[in-house]
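Chemist: Attaching a predicted model along with its sequence, questions to come.
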Amino acid sequence: MFQRKQTGFTLIELLVVISIIGVLASITMVSMNNVRARSRDDRRVTDMKAFRDALALYQVQNIAYPSEPDGAVITGTDTLSQALINEKLLSGPVTDPTNTGEYVYTYKSSADDSTYTITFCLETDFLHGYTQDCNNVITP
């Protein structure tokens, strides 16, 4: 006799909508993490190229590259970085974007200081010519 009009959503409909929103949110978070990792890798490579350019200027002024035959970790506060900054060859400290110490930059000169190797780590293999490990190298 009396028919009741249905208003609102059923519990099943609400659960379906909430689960769809959850799936979309998780997909967005995963893709954002990938974008952030790529951005950090891009900054790492840019920083290493700036460091390479500063070393080239240093070599022009001093006839040789800075002497570190045993190798040195580049932290931004290390002796080599500070020397390049003080001589106005590097605009500021080069530090890893994560500041965790997991992704390390190293500098090692040859025995006669005529060349060097900068080694650094990346989180992804997104950048052409670089790999997702700590075996990435820049030389003069």
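Modeler: Happy to help now that I have it.
Chemist: Could you list the low-confidence segments of the protein?
Modeler: Across the chain, residues meeting the criterion (pLDDT under 70) sit at 1-6.
Chemist: mind running it again at 50?
Modeler: Within the chain, not a single segment meets pLDDT under 50.
Chemist: Output stretch 70-80 as PDB, nothing but the C-alphas.
Modeler: The C-alpha trace of stretch 70-80 is given here as PDB (Å, rounded to 0.1, in the frame of the first residue of the first chain):
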ATOM      1  CA  ASP A  70      92.900   8.300  -2.000                       C
ATOM      2  CA  GLY A  71      89.500   9.700  -2.800                       C
ATOM      3  CA  ALA A  72      87.200  11.900  -0.800                       C
ATOM      4  CA  VAL A  73      83.500  12.000  -0.100                       C
ATOM      5  CA  ILE A  74      81.800  15.200  -1.300                       C
ATOM      6  CA  THR A  75      79.500  16.400   1.400                       C
ATOM      7  CA  GLY A  76      79.300  20.100   0.800                       C
ATOM      8  CA  THR A  77      81.300  20.800   4.000                       C
ATOM      9  CA  ASP A  78      84.400  18.800   2.900                       C
ATOM     10  CA  THR A  79      87.700  20.500   2.200                       C
ATOM     11  CA  LEU A  80      87.500  20.200  -1.500                       C
END
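Chemist: Identify each buried residue in it, please.
Modeler: Buried residues in stretch 70-80, counted by 16 or more other Cβ atoms under 10 Å: Ala72, Ile74, Thr75, Gly76, Asp78, Leu80. Bear in mind the C-beta positions are built from the backbone N, C-alpha and C, glycine included.
Chemist: neighbouring contacts of that stretch?
Modeler: Stretch 70-80 is contacted by residues 51, 66, 68, 81, 92-95, 104-108, 118 when judged by Cβ atoms under 8 Å, 6 or more residues apart in numbering.
Chemist: cool, and stretch 129-140?
Modeler: Stretch 129-140 has contacts (Cβ under 8 Å, 6+ apart) with 41, 45, 48-49, 51-52, 55-56, 59, 65, 103-104, 115-125.
Chemist: ends of it, how far apart?
Modeler: 16 Å (Cα to Cα, to the nearest Å).
Chemist: Check which residues of it are buried.
Modeler: Tyr130, Asn136, Ile138.
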